[in-house]
Each structure stands twice: as C-alpha cells, then as structure tokens.
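Asker: got a sequence here, can you build the structure:
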Amino acid sequence: MREAGMQASDMNGKVALVTGAAAGLGRATALKLAESGADLAILDVSADGLAGTARAIAALGRKALELPLDLSQRASCKQAVERTLAEFGRLDALCNIAGVMKPGPTPSFPDESWDLTMRVNLDAPFFLIRESLPHLLAAHGAIVNVTSCAAFQGQAYFAAYCAAKAGLTNMTKALAMEYMKEPIRINAVAPGGMMTGLVQGMAALADCDRDLISRIGSPRGLCEIEDVADCVAFLASPAARSYHGACINIDAGVTAG
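Answerer: Sure, this is the predicted structure:
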C-alpha cells in the first residue's frame, strides 16, 4: 500500500476549477479533491477524456461541470470562470495543471510550437487567475500552479518549455507578493518527469543527442502521479493555510544539486 502523503482537508461545500483534467495529473488531482468533498469544474481540450473524469467524480458522489475548452484561446479562460460561477455560484480553488511540451532542436523549432507552449503553459494560467481573483478573494481561496523542475534546470531541447515554466514559477511568487495582505493563498508545485502524455511525447527527440537528454531524468526514476496530485490537492485545501508563495519541488532529487 502506498504511504499517505499530503492530504487535502475537508472541501465539502467548496468548488475547484482544475485544468488538464481529462487525464494524468489533472484527472488525479480532480479525483483527490472530489474525495475531499469538493465539486469540480474540469477543463480540457479532450471532451472524451473529460467525460471519463466526470463519471469518476460522480461515482464519488460529487458534481462535475465539464468544460471542453481550448486554453490556447484566451477567450476560453473567461468562459471557464463564467460557466463555473453560473453552475456553482462560487469558486474556492483554481488548479492550473494543463500543459504542453514541445521539445526539439532550437534551429528548427517551429514558431507555432513556441506560441502554443507559451499560450497554454504561461498565458492561460495568468488569464484564468485574472478572471478568478475576485471570486477566490471572496472565498478566501487558493491558486495552485503546476510548473516543472524545468523551471529550475536547463534542459537541452526544451528551451520553450523551460522558459514558460520558469515564467509561471516566478509569476506565482510575484502574485503571492501582490496579494500578501489579502485572504488568498498562491502556491506552485514543480514535478519532475511523470508517466503522462507529456513524457510519452518525448519520442520526438529520437534524433537528438541521447547523452544530453539523459541528464534530464533522476536515477530514482519517474515521479508518481498520485504523489504530485496529493500535493496539489493539499495546497488547494484549507489544510495548507500557512503556505503562500511556495514552490514545492517533487522531482526525485533532480534539482537538489
């Protein structure tokens, strides 16, 4: 049996908006929050994946609002918050988990891959936060941004991803300072590699220098999705009342030294 990690406290009567919820870390986090009593607005570009997550949430006795939206489109951020408020009347936690990883050699890196990486990994969290802030302040709620160990470690062939995640990490800290005197908690989690669709997409690096790519991982192996989901759900809940402006690295020691 897996040892218990950080645990979300009672989320009964609360509502969380979780992006990237069709699979992987987003889905695992949504289910952790549902287990703690929250109702969920779940967002992803994959409508089929969202439907599966919604069924799992319903099986836990909680409500799920499916938001099949494309976060590369700025209007989706406003629409997501508006629909969440219309359905539930409140918002207590925003978990920005959706991400795009487009690796490749810099000289041939496509403009559209750079733009998509920035829009989903950096722009969307900002605009979701901006739309959510009045409601999260009213609820004394929480924001949790999922960044990456790539925010702290240069990784060959991941210039766009590293740039976006470093930006998201420092944006988290800047917002924490801006709202230091307000009743809201703003934190981040920086995972290492997990067996998600993002990691599986690294097949695009087949023709790159394998020695440079091998430096990205940890001798301890990949991180468990459930462990990272525990942390995100914990930070989204009142149990994390003393956390503000933190970025918790869960990366099997990759950024330790």
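Asker: strands along this protein, start to end?
Answerer: Using DSSP state E, the strands found in the chain span residues 15-19, 39-44, 64-68, 93-96, 142-146, 185-191, 247-250.
Asker: each with direction, which strands does the first one pair with?
Answerer: Paired strands of strand 15-19, with direction, are strand 39-44 (parallel), strand 93-96 (parallel) (DSSP bridges).
Asker: ok now it, how far from the chain's centre?
Answerer: Relative to the centre of its chain, strand 15-19 is centred 10 Å away, using C-alpha atoms, centre = their mean, to the nearest Å.
Asker: so where do the helices sit in the stretch 1-150 of the chain?
Answerer: 24-35, 47-59, 75-88, 111-118, 124-139 (DSSP state H, counting those that start in this stretch).
Asker: low-confidence ranges, the stretch 151-257 of the chain, go.
Answerer: 195-204, 206 (pLDDT under 70).
Asker: what about the helices in it?
Answerer: Under the criterion DSSP H, counting those that start in this stretch, the stretch 151-257 of the chain contains helices at 159-178, 197-200, 210-214, 225-236.
Asker: quick one: buried residues of stretch 102-117?
Answerer: When burial is assessed from 16 or more other C-beta atoms under 10 Å, stretch 102-117 yields the following buried residues: 102-104, 109, 113-114, 117. (C-beta placed from N, C-alpha, C; glycine too.)
Asker: if we can go back for a sec, just the helices of the stretch 151-257 of the chain: most buried one?
Answerer: Mean neighbour count (mean count of other C-beta atoms under 10 Å) peaks for helix 225-236 among these, with a mean of 24.
Asker: kindly export that helix (C-alpha atoms) in CSV.
Answerer: Provided in CSV are the C-alpha atoms of helix 225-236 (Å, rounded to 0.1, in the frame of the first residue of the first chain):
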residue,chain,number,x,y,z
ILE,A,225,1.4,11.0,-10.4
GLU,A,226,-0.6,10.2,-7.2
ASP,A,227,2.2,11.8,-5.1
VAL,A,228,2.1,15.0,-7.0
ALA,A,229,-1.7,15.1,-7.1
ASP,A,230,-1.7,14.7,-3.3
CYS,A,231,0.4,17.9,-3.0
VAL,A,232,-1.7,19.9,-5.5
ALA,A,233,-4.9,19.0,-3.7
PHE,A,234,-3.4,19.7,-0.3
LEU,A,235,-2.3,23.2,-1.4
ALA,A,236,-5.8,23.8,-2.8
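Asker: ok, Gln155 - contacts?
Answerer: Counting by C-beta atoms under 8 Å, 6 or more residues apart in numbering, Gln155 makes contact with 161-162, 215-216.
Asker: give me the distance from stretch 133-153 to the chain's centre.
Answerer: With C-alpha atoms, centre = their mean, you get 9 Å for stretch 133-153.
Asker: report the buried residues of it.
Answerer: 133, 135-136, 139, 141-153.
Asker: then stretch 12-19?
Answerer: Buried residues in stretch 12-19 (16+ other C-beta under 10 Å): 14-19.
Asker: how about these, which pair is most distant?
Answerer: Between any two of the buried residues of stretch 12-19, the greatest separation by C-beta to C-beta is 17.2 Å, found for Lys14 and Thr19.
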